[in-house]
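Participant: Quick one, what's the 3D model for this:
(one chain, ligands or ions: 2)
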Amino acid sequence: MKTQVCIIGGGPSGLLLSQLLDLKGIDTIVLEKHSREYVLGRIRAGVLEHGFAELMREAECGERMDREGETHDGFEISDNGVLKRVDLKTYSGGSSVIVYGQTELTRDLYEARDKRGGKVIHNVEDVKLHDLNAQTPPFVTYRDGDDIRRIDCDFVIGADGFHGPSRKAIPAGVLREYEKVYPFGWLGVLSRTKPVNPELIYARHERGFALCSLRSQVLSRYYIQVPLTDTVEDWSDEAFWEELKKRLPEEVAARLETGPSIEKSIAPLRSFVAEPMRWGNLFLAGDAAHIVPPTGARGLNTAASDIHYLYHAMVDHYLKGDDTGLEQYSGKALARVWKTQRFSWLLTSMLHTFPDANPYDQKIQAADIDYLFSSEAAKSMLAENYVGLPF
Ligand code: APR
Ligand code: PHB
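Facilitator: Ligands and ions are numbered 1, 2, ... in the order given. Next up is the predicted model:
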């Protein structure tokens, strides 16, 4: 097969780029390791920056997001039981976020690709990348049962997530990796219950962090910080609800509607960045290049700016013969990636209990929160990062 842009990974990053390029008449093929059902079965985050929402609308995929998603103008921080609101709209100069599950967003992207006859090949195995930085154009091979298929292309996009092959195709002598592992994880529960609060609540508590989020008015998403040694089996639904209540303000805990978990999982927290995000005709995007702890809801939103830059760079290449965007991609994408890394690290540091924190560390953490709520500048910093830094 031959295409202009071969995209590895049928998650939100790969699908969004494929849709945007297709709308400009640029041909793509998306290779996805799993079935569509498997991809859509993953429970992921649910807060979209306004920049991401704009990209979805530009990709003609924003209709259900605008209809079913909830616009949020702020969220609450509970500091050892005292609720304080972060007014995003006021302190970001008028921006908000949309609460809309990544699963639904990925479903919308798949349906949009189907409508345009987009080529997404599922259940591909042993994807290999060839001639990425050679005088001859790159190509990708994969196994289809007993056959080896080959896709000749101009460019390869590595949108294959943290565990995909693309980042590993960059030679060790070229690739630089930066990582920070946190000494705790998040136990998450999805339940068909009414959300405890109209806006999200990020709770800092001596027992550990907790988060009250939602997917709709009938589907709630809750998290509590747990030690890395915990397993899902250690936590019955009842134990989860009891611990969550202990970390929330009394008036919130009193109105918490509990119910059976329809999904329950533990995710470790990690910060990770790979540089460069380009090597020859390979471009990395999304989780393939960077991972953030979920505290700041930046995972999918950081992928959005990678896709935005790649989209415009490819359009300039194919429609204007201008390669400036391609040449500047890695530097430009990483500049924003590192700012979202910093924001995710900052929120994680401010809101979690750290096992090795000494009394001084705990006083600094309290001062961080105190400064946030006593400084107009600090509120603006938090708000502009949370609604999304400009692309
Ligand atoms: N061959 C083909 N596809 C692959 C391979 C492979 N060898 N390895 C992984 N993939 C697919 C995965 O099955 C997945 O569907 O690549 C896709 C990568 O999607 P994501 O992991 O969702 O990454 P991305 O599209 O960048 O979206 C980032 O997802 O993980 C969350 O928090 C993250 O919200 C963020 C978003
Ligand atoms: C979620 O709804 O899953 C969610 C929301 C906000 C976060 C993290 C996760 O910061």
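Participant: Please report how far the residue of the stretch 251-391 of the chain at minimum distance from ligand 2 lies from Tyr371.
Facilitator: Minimum separation of the stretch 251-391 of the chain from ligand 2 (CB to the nearest ligand atom) falls at Ala297, amounting to 3.4 Å. For every residue, glycine as well, the C-beta is placed using N, CA and C. Counting by CB to CB, to the nearest Å, the separation of Ala297 from Tyr371 is 22 Å.
Participant: For stretch 382-391, buried residues please.
Facilitator: Leu382, Ala383, Glu384, Asn385, Tyr386, Val387, Gly388, Leu389, Phe391 (16 or more other CB atoms under 10 Å).
Participant: OK, contacts around Asp356?
Facilitator: Pro183 (CB atoms under 8 Å, 6 or more residues apart in numbering).
Participant: the more surrounded of Ala297 and Tyr371?
Facilitator: The residue with more neighbours, out of Ala297 and Tyr371, is Ala297; 22 against 13, by other CB atoms under 10 Å.
Participant: From ligand 1, how far out is the spatially closest residue to the more buried one that is not a sequence neighbour?
Facilitator: Spatial nearest neighbour of Ala297, excluding adjacent residues (CB to CB, 6 or more residues apart in numbering): Val47 at 3.8 Å. Separation of Val47 from ligand 1 (CB to the nearest ligand atom, to the nearest Å): 10 Å.
Participant: From the structure, what's the count of residues near Val47?
Facilitator: Val47 - counted by other CB under 10 Å - has 25 other residues nearby.
Participant: where's Val120, which helix or strand?
Facilitator: Using DSSP states H and E, Val120 sits in strand 119-121.
Participant: Up against ligand 2, what does the chain have?
Facilitator: Ala45, Gly46, Val47, Leu200, Leu211, Ser213, Arg221, Pro294, Thr295, Gly296, Ala297 (CB under 6 Å from any ligand atom).
Participant: can you list the residues that contact the strand holding Val120?
Facilitator: Contacts of strand 119-121 (CB under 8 Å, 6+ apart): 3, 10, 15, 18, 28-32, 36, 110, 113, 142.
Participant: Now intersect those residues with the helices, please.
Facilitator: Counting by DSSP state H, the part of these found in helices is Leu15, Ser18, Arg36, Tyr110, Arg113.
Participant: nearest to ligand 1, of those?
Facilitator: Using CB to the nearest ligand atom, Leu15 is the member of those that lies nearest ligand 1, at 7.6 Å.
Participant: For the closest one, which non-adjacent residue is spatially closest?
Facilitator: Using CB to CB, 6+ apart, the closest residue to Leu15 is Leu109 (3.8 Å).
Participant: I figured the one you found hits Leu20, correct?
Facilitator: No. Contact between Leu109 and Leu20 fails when scored by CB atoms under 8 Å: they sit 10.3 Å apart.
Participant: For the chain, what lies in contact range of ligand 1?
Facilitator: Residues of the chain that fall close to ligand 1, judged by CB under 6 Å from any ligand atom: 8-14, 31-34, 39, 44-45, 102, 124, 127, 159-161, 163-165, 286-287, 299-300, 303.
Participant: Could you list the low-confidence segments of the stretch 201-350 of the chain?
Facilitator: Within the stretch 201-350 of the chain, no stretch has pLDDT under 70.
Participant: which residues of it fall in helices?
Facilitator: 237-247, 250-254, 299-320, 324-351 (DSSP state H, counting those that start in this stretch).
Participant: thinking again about what came up before, find residues that contact each of Leu109 and Leu20.
Facilitator: With CB under 8 Å, 6+ apart, Leu109 and Leu20 have common neighbours Ala59.
Participant: List the residues that contact the closest residue to ligand 1 within the stretch 201-350 of the chain.
Facilitator: Residue nearest to ligand 1 within the stretch 201-350 of the chain: Gly286 (2.2 Å; CB to the nearest ligand atom). By CB under 8 Å, 6+ apart, the residues touching Gly286 are Gly9, Gly11, Pro12, Ser13, Gly14, Ala159, Gly161, Leu300, Thr302, Ala303, Asp306, Ile307.
Participant: how about a cut-off of 6 Å?
Facilitator: Gly286 makes contacts with Ser13, Ala159, Ala303, Asp306, as judged by CB atoms under 6 Å, 6 or more residues apart in numbering.
Participant: ok, which stretches of the stretch 1-150 of the chain are strands?
Facilitator: 5-8, 28-31, 47-48, 70-72, 74-79, 82-87, 97-99, 119-121, 125-130, 139-144, 147-152 (DSSP state E, counting those that start in this stretch).
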